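Trainee: got a structure for you, letters missing:
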């Protein structure tokens, strides 16, 4: 027996049911909004992956065991879905219609040190809209509202907060207070939650060269958050003016207004002016997402606008997108028992086999259940009824069907959980809620 | 721009729609028959993969770029789904219920020389039932009929033939004619189609030490095929008797009888006594599948019974299963244009945006279409109607909705293909056949 590899989570069948329910819901939401499915190959040429230049130590390179010197094989596993998608767009620009909206739900690999919430193999679900040369701001609202629609439908998850900010807003604000180098201010503010106020003040003074009054304005801005447009008033009260700030405020207000429709008791979209995103390719709207009780995971769903998703010598493809860390979000909830499936198997009905001679008759009952969309199995051997029922119970199959094999007898179905048995018509179907396994949330996580 | 990597096929969005339709159908069929979804990690320890010992040169090893000396990282990408599943079962035997039926639809990687029908990255769809210590023959019938149900539902594919044979049958027959070493006969017969009769006769004589009469019996057996039980009579006419032969004949007859219900005008299950499967771990039923017009691809769906799917010092897990090469089957059909999607995008309706002031109204129409299960988009900007319709047409969106924005006006829908425009009620829904993109087959392949 082989020891498990750390950082490569594998789910039990009942856990996989939960993961599938989540990815099915995401896919369905994305497609209902007109996003096309794309899958890219798992590997990229090494130089494509290292262009971003930040995570080279985490890249898994790949080579043929039989021929490690093969010069074409300077390839590695992708560590996100954005870089492969950008390459995909560049290679096929003539065959795609722009603005091109795509979703992509796939595994990615990072050679990180395995620790809570960090995996070496994990699934991401990305949506992006990419334009050719230009992409209207309206698409920022679109990706925000599509992801909001997706997250607000995952009602069994802990409360989620989709936090939105805007790079133009914060950059304009920092310019407005007279910061000499805004690119130094942003990464410091990005670490505010981790570092605390005192360290951040010190770094803003020593590393970014800000005066005391500038620092207090920067921190005051980062304290503003609201689920409605009231944040605009709060920013204006700080008395800073800059054209870029105004533009950013308008954009952020539009995103917040238009996403407010998706708020539920456990999901909301808020303007959070502390969000900065460390990465420097974002140019406008930026997103992060916190899951209640799991704040230490950091953001489980992040993204934003970048004016150059992909480009080459002649062309530029701006994009806006957001990426949900499916594994990162689900695995802790599965491990703690917060989320579980209503049963371990797809099967809703086990058809009891009274004797080997009844097999064709029993097969027909199962066939007809499946034609009505009900997952069904026939017992493999005509064991004693107690044994057949035991098999169903161990696997969590909710119903057993006793076929009317004798002249004049009637079909009966046994509800294994309620321990009730009742006569049924030939076309009986379980209650809707039992046809497919479902996801049960709100566990004992906290 | 990066050149594509040979052997790593990537699909256009409209091709991916076809692939998704196929994998959705497979998944749904497998789940309707009670098969649970399993996904294993992409990598295995090298020694697990090399245990089979046959394809070491094709294995892609994986290492962290930042730390290639890391001793734990003797890992490689899996080249099939059977080896990882066997490891998964051994690791979790106490948490699974046996017989355990699972399906697995995932990518696998092989460093093969790229050529027609051979890929370095490809998707497989496997079903297996695995028992603990023993597994009744009945499960051979089950996996055969589940895959038959799956394949017979893919009505847009070229005609498919699921060929079944039985190792006991051929081994018993070879023993019955007095072959000294049946393990030498089997691989030679397995290559009959490729090598032709003359070469096969020579090899049976020189390599397997058979006499002329034995050779003629072996070749006569390999010529037998039938979609019904008539093959039994044909085998018996050859006048060979052996207990193992009888057992194999019984088993094969049962599989053929019980699968006959799935035959359609373009799919059938047949006993084909030339099928041998090269691999020596099969012990009973064996499967291959040919696709009409694409015989050079070889078998696109293969498998069988193996008495030791997984084992360790104390335990043995027999299994029976079958694996469909999704990429291998689909990519040639997509490339030749035999298969295509009815449109390029999920979107069924584009909601026209008359002016920026109408956005909330238009968003509501799209929201309500989606709530009825209809993929919908709203135009991003209030361009001239001709431009908005042009956007829909370029993307293959079949309908455009003109909202009733003016007092007293009515909603109208334009059918872009038929160039018709008609008034609609607020709850209009496209015809069922247009709600989702569909797969169109029977192209100009041959």
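Mentor: Ah, there it is. Keep in mind the model is a prediction, meaning the values are calculated, not measured.

Trainee: per-residue confidence at residue A:308?
Mentor: For residue A:308, the pLDDT comes out at 85.

Trainee: name the nearest residue to it, sequence neighbours excluded.
Mentor: residue A:316 (5.7 Å; CB to CB, 6 or more residues apart in numbering or on different chains). No exception for glycine: its C-beta is placed from N, CA and C like everyone else's.

Trainee: ok, that neighbour - how many residues close by?
Mentor: 14 (other CB atoms under 10 Å in any protein chain shown).

Trainee: residue contacts, it?
Mentor: If a contact means CB atoms under 8 Å, 6 or more residues apart in numbering or on different chains, then residue A:316 has A:133, A:307, A:308, A:310 as its contacts.

Trainee: repeat that for residue A:375.
Mentor: A:345, A:346, A:347, A:348, A:349, A:369, A:435, A:436, B:31, B:32, B:33, B:34.

Trainee: pretty sure the first one is touching residue A:397, no?
Mentor: Yes - between residue A:345 and residue A:397 a contact is recorded at 6.4 Å, counting by CB atoms under 8 Å.

Trainee: can you list residues touching both of those two?
Mentor: Joint contacts of residue A:345 and residue A:397 (CB under 8 Å, 6+ apart) are residue B:34.

Trainee: who has more neighbours, the two?
Mentor: More neighbours surround residue A:345 than the other of residue A:345 and residue A:397, with 26 against 23 (other CB under 10 Å).

Trainee: now do the strands in the stretch 251-400 of chain A.
Mentor: Ranges of strands in the stretch 251-400 of chain A, per DSSP state E, counting those that start in this stretch, are A:267-272, A:285-291, A:301-311, A:316-325, A:340-341, A:349-351, A:376-378, A:399-402.

Trainee: lowest-confidence stretch among these?
Mentor: Among the strands of the stretch 251-400 of chain A, strand A:301-311 scores lowest, at a mean of 91.

Trainee: what strands flank that one, and is each parallel or antiparallel?
Mentor: Counting by DSSP bridges, the strands paired with strand A:301-311 are strand A:285-291 (antiparallel), strand A:316-325 (antiparallel).

Trainee: would you turn these into TSV with distance to residue A:238?
Mentor: Compiled in TSV, the strands paired with strand A:301-311 are given as follows (distance: least, CB to CB, whole Å):
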stretch	distance to residue A:238
strand A:285-291	20
strand A:316-325	27
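
Trainee: need the strands for the stretch 51-200 of chain A, in chain order.
Mentor: A:60-64, A:75-77, A:100-109, A:121-130, A:160-166.

Trainee: closest to residue B:249 out of the ones you listed?
Mentor: The minimum distance between residue B:249 and those falls on strand A:60-64, with 43.9 Å, by CB to CB.

Trainee: show me the contact partners of the closest one.
Mentor: With CB under 8 Å, 6+ apart as the criterion, strand A:60-64 contacts A:43, A:46, A:70, A:73-77, A:109-111, B:57-65, B:68, B:77, B:111.

Trainee: of those, just the buried ones, ChimeraX syntax please.
Mentor: Buried residues within the contacts of strand A:60-64, by 16 or more other CB atoms under 10 Å in any protein chain shown, are selected in ChimeraX with:
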select /A:43,46,73,75,76,77,109,110,111 /B:58,59,60,61,62,63,64,65,77,111
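
Trainee: tell me the buried residues in the helix or strand of chain A with the lowest mean pLDDT?
Mentor: Each helix and strand of chain A was given a mean pLDDT (mean pLDDT, DSSP states H and E); the minimum falls on helix A:46-50 at a mean of 85. Buried residues in helix A:46-50, counted by 16+ other CB under 10 Å: A:46, A:48, A:49, A:50.

Trainee: adding distance to chain B, write those residues out as TSV.
Mentor: Below are the buried residues of helix A:46-50 laid out as TSV (distance: CB to the nearest CB, whole Å):
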residue	distance to chain B
A:46	8
A:48	6
A:49	9
A:50	9
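
Trainee: where are the low-confidence patches of the stretch 201-350 of chain A?
Mentor: Where the stretch 201-350 of chain A drops to pLDDT under 70, the residues are A:278-279.

Trainee: chain B contacts on that one?
Mentor: Residues of the stretch 201-350 of chain A lying close to chain B (CB under 8 Å from any CB of the partner chain) are A:258, A:261, A:312, A:344, A:345, A:346, A:347.

Trainee: could you work out the most separated pair of these?
Mentor: A:312 and A:347 (51.8 Å).

Trainee: more neighbours: those two, which one.
Mentor: Counted by other CB under 10 Å, residue A:312 and residue A:347 do not tie: residue A:347 has more neighbours, with 26 against 11.

Trainee: the more buried one and residue B:118, how far apart?
Mentor: 37 Å (CB to CB, to the nearest Å).

Trainee: just residue A:161 next, same as before
Mentor: Applying CB to CB to residue A:161 and residue B:118 gives a distance of 48 Å.

Trainee: look at these two and report which has more neighbours.
Mentor: residue A:161 (19 against 14).

Trainee: beta-bridge partners for the more buried one, please?
Mentor: residue A:268, residue A:290.

Trainee: what pLDDT does it get?
Mentor: For residue A:161, pLDDT reads 96.

Trainee: next: residue A:100.
Mentor: 96.

Trainee: swap in residue A:79?
Mentor: On the pLDDT scale, residue A:79 gets 94.

Trainee: who's in contact with it?
Mentor: Here residue A:79 is in contact with A:49, A:55, A:58, A:59, A:108, A:109, A:110 (criterion: CB under 8 Å, 6+ apart).

Trainee: lowest pLDDT pick from the residues you listed?
Mentor: Ranking these by pLDDT, residue A:55 lands last with 59.

Trainee: number of residues surrounding the residue lying closest to residue A:131 once chain neighbours are set aside?
Mentor: Spatial nearest neighbour of residue A:131, chain neighbours left out: residue A:99 (4.6 Å); criterion: CB to CB, 6+ apart. Burial of residue A:99 is recorded as 23 neighbouring residues (other CB under 10 Å).

Trainee: likewise residue A:270?
Mentor: 20.

Trainee: same check, this time on residue A:239
Mentor: When neighbours are counted by other CB under 10 Å, residue A:239 comes out with 9.

Trainee: ditto for residue A:185
Mentor: Count around residue A:185 with other CB under 10 Å applied: 27.

Trainee: so how far is residue A:171 from the closest residue to residue A:183 other than its chain neighbours?
Mentor: Among residues not flanking residue A:183 along the chain, residue A:280 sits closest, at 6.9 Å (CB to CB, 6+ apart). Computed as CB to CB, the residue A:280 to residue A:171 distance reads 11 Å.

Trainee: residue contacts, the residue nearest to residue A:243 when sequence neighbours are not counted?
Mentor: Among residues not flanking residue A:243 along the chain, residue A:172 sits closest, at 6.9 Å (CB to CB, 6+ apart). Contacts were defined as CB under 8 Å, 6+ apart; by that measure residue A:172 touches A:242, A:243, A:244, A:245, A:246, A:247, A:248.

Trainee: now do residue A:10
Mentor: A:4, B:39, B:40, B:41, B:88.

Trainee: wait, a strand at it?
Mentor: No - read with DSSP: H, G, I helix; E, B strand; the rest coil, residue A:10 is coil and lies in no strand.

Trainee: model confidence score at it, please.
Mentor: For residue A:10, the model assigns a pLDDT of 96.

Trainee: and what of the one 4 residues further on?
Mentor: Looking at residue A:14, its pLDDT stands at 96.

Trainee: spit out the contact partners of it.
Mentor: A:340, A:341, A:343, A:344, A:396.

Trainee: would you mind measuring from residue A:157 to residue B:104?
Mentor: 26 Å.

Trainee: can I assume residue A:49 is in contact with residue A:59?
Mentor: Yes - between residue A:49 and residue A:59 there is a contact under CB under 8 Å: 5.6 Å.

Trainee: anything in contact with each of these two?
Mentor: A:76, A:79.

Trainee: tell me the centre residue of chain A?
Mentor: Closest residue to the average C-alpha location of chain A: residue A:324 at 2.9 Å, with CA atoms, centre = their mean.
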